[in-house]
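[1] sequence first, predicted coordinates after that:
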Amino acid sequence: MALAEIEAEITALGEALDVHAFSPGQPGATDEMRAELARALDAYDQAKRDVARDRMRADTLPVLHTLDEGRHALACLDALIAGRPLPERMPLCFFDARHGRAARLVSWAPHGGTARNIAVCAADAVHLTENASPGTPRQPVPGCRVQTQPRGAEHRPTTPTGVPQQVSGKGGSEQTHQLSMPSYRPAVMVFSTGGKAQVRLRFESGRKIRSSRQYLLSGDGTPITARIPLPDGTKSVAFRVLAAGEQEAWTATAAPLREVPRFHDETNGTGSDVVHYRGEPGPGVLHYAGPGPIQLEMLDDRLAYWVTVVEVRAGDHTFQWLGRGYYQVRSAGAWRLSTA
């Protein structure tokens, strides 16, 4: 995408903010509505700063992700005002963020690699499901900004210069991986596997804002999908994946806080994860059925470790919710959190 197109996208987001009818002080306005407006404003300001800082590289992936974050925040604000469910969010197209928001999950494997589900735009979905060769030019579909490739060119994901914001691998190894931090902060790593696995993930560098550098992830007989806080104030983060058992394919992606599950009354999971509690301070219940201890930690607004709320072993345990915010569960087994 050319610089002029990037600037036009930023202008369009700014105009959408200017004409939006919502006011933080209006009757019926909630903290959640105000948070979505703030998220959109922050994305707009961040995109402008990124372009002003380096106009030669203004078409890099972080700017596109920032603009997408702002548009999604406005869509969430509109849904909250209208009393509708929050819109589901697909990531930007796996193959090229310039294609816009992904429309479908399809199975795809790189040359000589393992097949897995990826999120792609409508045009790429058609391209893959029709089993066209990777170099075949594609026809754009309405609403999708598709860049065609010359015949014979290799079809591959576009990533920022240097460190990518999505890393894939298979099984565990001593290899150190680098994941680029997005322009929006705070952010999480979404770690997922194609099949059941037990994984130890260890961060090798970055500011020490976590309670630990090592995470035990488990799907309890199902594929893993876990969220891990990413450090603030760094350009990239280094980590190792140490997997036990089957050599499953895995993917680690830098993602916005929208990927963290929200709940008011009850949520559940397996292994370490981050959840967003939307209820009020008061009594809660933690049910744990796994081996070893489980810790529930509250994080601050940078997703840095703040305080341990409860640390127990298997069974039902009462504790006190400290209020709305992000909480990190650290465990090796299945758990359930609820209000009392």
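    Sure thing, it's come through. Residues are numbered from 1 along each chain as shown.
[2] just checking, what packs against the helix or strand bottoming out on mean pLDDT in the chain?
    Between all helices and strands in the chain, the lowest mean by mean pLDDT, DSSP states H and E belongs to helix 122-129, at a mean of 72. For helix 122-129, the packing partners by 3 or more Cβ pairs under 8 Å, 6 or more residues apart in numbering; DSSP states H and E come out as strand 104-108. Every residue, glycine included, has its C-beta placed from N, CA and C.
[3] show me what whatever helix or strand comes next after the strand it packs on packs onto, helices and strands only.
    Sequence-wise, the next helix or strand downstream of strand 104-108 (DSSP states H and E) is strand 116-120. Secondary-structure packing of strand 116-120 (3+ Cβ pairs under 8 Å, 6+ apart): strand 104-108.
[4] what does the strand it packs on rub up against?
    Outside strand 104-108, the residues that touch it by Cβ atoms under 8 Å, 6 or more residues apart in numbering are 94, 115, 116, 117, 118, 119, 120, 122, 124, 125, 128, 129.
[5] of those, grab the buried ones for PyMOL.
    In PyMOL syntax, the buried subset of the contacts of strand 104-108 is picked out as below (16 or more other Cβ atoms under 10 Å):
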select buried, resi 94+116+118+119+120+122+124+125+128
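[6] OK, contacts around residue 40?
    Per Cβ under 8 Å, 6+ apart, neighbours of residue 40: 13, 17, 70, 71, 73, 74, 77.
[7] out of the contacts of strand 104-108, who's nearest residue 240?
    Residue 240 has its nearest neighbour among the contacts of strand 104-108 in residue 116, at 20.5 Å by Cβ to Cβ.
[8] quick check: the closest one vs residue 108, distance?
    Taking Cβ to Cβ, to the nearest Å as the criterion, residue 116 is separated from residue 108 by 7 Å.
[9] again with residue 28
    Distance from residue 28 to residue 108, by Cβ to Cβ: 45 Å.
[10] swap in residue 319?
    Taken as Cβ to Cβ, the span from residue 319 to residue 108 is 43 Å.
[11] with residue 48 instead?
    For residue 48 relative to residue 108 (Cβ to Cβ), the value is 35 Å.
[12] do residue 325 as well
    37 Å.
[13] give me the more crowded residue out of residue 28 and residue 108.
    residue 108 (17 against 6; other Cβ atoms under 10 Å).
[14] need the residue closest to the centroid of the protein.
    residue 255 (2.4 Å; Cα atoms, centre = their mean).
[15] how about it: what's its closest non-neighbour residue?
    residue 190 (4.7 Å; Cβ to Cβ, 6 or more residues apart in numbering).
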